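A.B. asks: show me the folded form of this:
(chains A and B)
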Amino acid sequence: MEKLKDKKLVSASTEDDITSKNASRIEAKDVKVWYDDFQAIKGIDMVIKPNTVTAFIGPSGCGKSTFLRLFNRMNDYVEGFRMEGKIKIEGNNIYKKKVNVEELRKEIGMVFQKPNPFPKSIFENVAYGLKIQGIKDKKFINERVEKALRQADLWEEVKDNLKKSALALSGGQQQRLCIARTLAVQPSILLMDEPTSALDPISTAKIEELIHNLKEDYTIIIVTHNMQQASRISDYTAFFYLGELIEFDKTRKVFTNPEKKQTENYITGRFG
Amino acid sequence: MQKIKELVIEKSLLFSALITIAVTFGIISVLAIEAFRFFSEVSIFDFFTDTQWTPLFTDKHYGILPLLSGTLLTSFIAISVALPIGLSISIYLSEYAPKSFRKTVKPLLELLAAVPTVVYGFFALIVVTPFLQQFIPNLSGFNSLSAGIVMGIMIIPFVSSLSEDALHAVPKALKEASYGMGATKLQTAFKVVVPAASSGIIVSIILAISRAIGETMIVAIAAGQQPRLTLDPTVPVETITAFIVQVSLGDVQHGSIEYRTIFAAGITLFVFTFLLNTLSYRIRKKYQEKYE
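C.D. replies: All right, here's what the predicted structure looks like:
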C-alpha cells in the first residue's frame, strides 16, 4: 500500500496531471559500476518522473554518461563492464537475466553526442527501426517516417529529398534526423548524450526547442556540458562528481540555491 | 655538411624509387615488344577467336580462349570457396569474437597465405583429388575442381583479413545507433556494418580474384596442362600461368614463335590483373574519402 501511494504522489506532482501512457518512470537503486578495477559509479539512487526533462551535469569523467547508458544497457558492450544494484523502468528491473535487451531498447531511444546517421537515404534511416522489427506494411512505414520527421522538425526541409543520402545533410539536420530515427519506433523514454555538443548555436536552439516540445510525450534525460542548456530546458538537474550523485533537485533550485558547496562551485564555473 | 648529408639521403631515396618504376617499365616494355612481334605473325583476331591452343604441336593454333577459360574456371571455383568462408570469418571476427580471440586468430589466418603455393599444389593433387574422387568417380587425376578449391583456401585470408579491416573501420557510433534502436547483433552486422564497409569488402574480393588469376604453382601441378575450352571442372585444363611455366621449363628456341607465345599469354594475364588492381585502387580511394 505504501508503495502504491508513493507512485500516485509522484505522478500527481508532475506538471500535467494526466500522465501520458507513453512516458515511463525510472528508478535507480544503489547502482554501482566498474570498468575492470575502476569504479565509475559509486552507489547512486535516483527516481526520474514521467514527462520530465532531467539534465545530468558534471565535469568530464564524473560518470554521467555511464549512468545514462545504464538505462538502455548500452554499457553491455564495453569490455570489463560490471554493475551492481537495480534499475527499474515501470517497476521492472531491466538488469534481470530474462530481460530482452532488444525489446527494452525499442522502449528507450537514444540520441548520441555526434550525429551518427547510417550511410543510407534519409527515408531508410528513419525507417530502420521499423524495418528491423519486421514491419513490411509500406503505408504504415511511410506514415511513421513522416510523423517522426515532423516531430523532429525536419520534414519541411527534407520532404522532397527523402531518397538523398543522409550524409549530405548538415550536422544540425543530421542530429534532428537521428532524433527522428529514434522517435519513429515510438519509445517512451529518450536518452540524449550531449546531443548538441557538436552543433552550432542555431542548430542547438532548434534541438532545445524540440526537447521542450517532446516532453509532452516522453521522459527525457539529457547529459550536457552546457550549464545554460541545462537551466533552459530541464525540470530537474542531477550533478555528478567522481562517480557520485552530489545533488538532484528541481533545476531552479539547483541553479539558484544549491544545497552543496561542490554544486555551487561547479555551476559558477570555479572548477570543471 | 648537414645539408650535403640531407641531399645525399634525399637523392638516394629518389633513386630507389626510380629503380622500382624503371624495373616495372622494363618488364612492361619487354612484354609489349615480344607480344608485338608475336602479333605480327599471328592475327589478333585468331588469337581471340580460335578455340585451340596448340603452339607446341605441328598443327599450330594460337587461340587464347582455352587458356582463358582454364584461368577463369579455376579462379571462379576459388572465389566460390573463398568468398563465403572469408566473409563469414571476417564478420565473426569483427562483430562477434572477443578481442583476444581476434588478435590471435587473425595472424594465424594470414599464415594460410604464407604457405608456399607448391605445397598447396601437391596437397590438391595428392590429398584433395583422391578425396573428391570418392564422390565424383569420373574426376580426372588433374582437374580444375580440386585446384580451384585449394586455391580458394589459399586466398581466404585475402578476403577475410581485408574485409575484417574494412568492417572494423566502421565507426562504433553507427553500431551503437543500431543497437540503440533495438537491433540484434546479426541485424546490426548485416544491415549496417556490412553495407557501410561494402567498398572495402569489394576491394578485398577483387584483390583475391586478381591473386587467383595470377596464381601459378597450384594450377600447374593440380589442374593439368591440357589447354581445353571447357567449363567442366572435372577434366584437366591449363591456365595462362601454367602454360607460361610449361614453355619456360621446356626447351623452346629463344626468339621463336613458340617462345613468344609466353609473352602473348603474359600480356593477356597482365591486362587482366592490371584492370582488377586499378579497379580496386579506384574503389579504395573513393572509400577513403567517405570516411575522412
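
A.B. asks: from here on, contacts and neighbour counts on C-alpha atoms
C.D. replies: Noted.

A.B. asks: and the residue of the stretch 51-200 of chain A closest to chain B?
C.D. replies: Per CA to the nearest CA, residue A:102 is where the stretch 51-200 of chain A lies closest to chain B, at 4.2 Å.

A.B. asks: isn't that residue right up against residue B:184?
C.D. replies: Yes: with contacts counted by CA atoms under 8 Å, residue A:102 reaches residue B:184, the gap being 6.5 Å.

A.B. asks: show me which of these two is the more surrounded one.
C.D. replies: For residue A:102 and residue B:184, the more surrounded residue by other CA atoms under 10 Å in any protein chain shown is residue A:102, and the numbers stand at 19 against 15.

A.B. asks: okay, that one: pLDDT?
C.D. replies: Residue A:102 is assigned a predicted lDDT (pLDDT) of 91.

A.B. asks: ok, residue A:9 next?
C.D. replies: Residue A:9 carries a pLDDT score of 35 in this model.

A.B. asks: tell me the phi and psi of residue A:187?
C.D. replies: Note on residue A:187: its backbone torsions stand at phi -80, psi 180 [degrees, to the nearest 10].

A.B. asks: that one - how many residues pack around it?
C.D. replies: Here the count is done by other CA under 10 Å, and residue A:187 has 22 residues near it.

A.B. asks: can you check residue B:275 too?
C.D. replies: Burial measure for residue B:275: 12 neighbouring residues, criterion other CA under 10 Å.

A.B. asks: pull up the per-residue confidence for it.
C.D. replies: On the pLDDT scale, residue B:275 is placed at 92.

A.B. asks: name the helix or strand for it, please.
C.D. replies: Secondary structure from DSSP states H and E places residue B:275 in helix B:257-291.

A.B. asks: where's the residue of the stretch 51-200 of chain A closest to chain B, which helix or strand?
C.D. replies: helix A:101-107.

A.B. asks: distance from the helix holding residue B:275 to the middle of the chain?
C.D. replies: Using CA atoms, centre = their mean, to the nearest Å, the distance from the centre of helix B:257-291 to the centre of the chain it belongs to is 10 Å.

A.B. asks: is it up against chain A anywhere?
C.D. replies: No: residues of helix B:257-291 contacting chain A under CA under 8 Å from any CA of the partner chain: none, with a closest distance of 9.6 Å.

A.B. asks: may I see the buried residues of that helix?
C.D. replies: Within helix B:257-291, the residues that count as buried by 16 or more other CA atoms under 10 Å in any protein chain shown are B:257-270, B:273, B:276-277, B:279-280, B:284, B:287.

A.B. asks: also stretch B:192-199?
C.D. replies: Taking 16+ other CA under 10 Å as the basis for neighbour counts, the residues of stretch B:192-199 that come out buried are B:192, B:193, B:194, B:195, B:196, B:197, B:199.

A.B. asks: chain A next: which of those are close?
C.D. replies: Applying CA under 8 Å from any CA to the buried residues of stretch B:192-199, those adjacent to chain A are B:192, B:196.

A.B. asks: in helices, which of the buried residues of stretch B:192-199 fall?
C.D. replies: In helices, judged by DSSP state H, the following of the buried residues of stretch B:192-199 are found: B:194, B:195, B:196, B:199.

A.B. asks: in those residues, find the pair that's most separated.
C.D. replies: Pairwise distances across these peak at 9.4 Å for B:194 and B:199 (criterion: CA to CA).

A.B. asks: residue ranges for the helices of the chain, please.
C.D. replies: No chain specified, so I'll use chain A. Secondary structure of chain A, counting by DSSP H: helices at A:2-13, A:64-70, A:101-107, A:122-132, A:138-151, A:155-158, A:171-183, A:201-214, A:227-233, A:251-256, A:261-267.

A.B. asks: chain B was what I was after
C.D. replies: Shown for chain B, the helices assigned by DSSP H span residues B:2-41, B:44-49, B:65-91, B:99-111, B:117-123, B:129-133, B:144-168, B:172-180, B:185-188, B:194-196, B:198-214, B:217-222, B:240-249, B:257-291.

A.B. asks: which of the ones you listed sits closest to residue A:196?
C.D. replies: Proximity of those to residue A:196 was assessed by CA to CA; the nearest stretch is helix B:172-180, lying at 15.6 Å.

A.B. asks: with just CA atoms, put that closest one into CSV.
C.D. replies: The C-alpha atoms that make up helix B:172-180 are tabulated as CSV, following Å, rounded to 0.1, in the frame of the first residue of the first chain:
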residue,chain,number,x,y,z
LYS,B,172,31.4,2.5,-33.4
ALA,B,173,28.8,5.2,-33.4
LEU,B,174,27.0,3.5,-36.3
LYS,B,175,26.8,0.2,-34.4
GLU,B,176,25.6,1.9,-31.3
ALA,B,177,22.9,3.7,-33.2
SER,B,178,21.7,0.4,-34.5
TYR,B,179,21.9,-1.4,-31.1
GLY,B,180,20.2,1.6,-29.5
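
A.B. asks: this completes my enquiry, with thanks.
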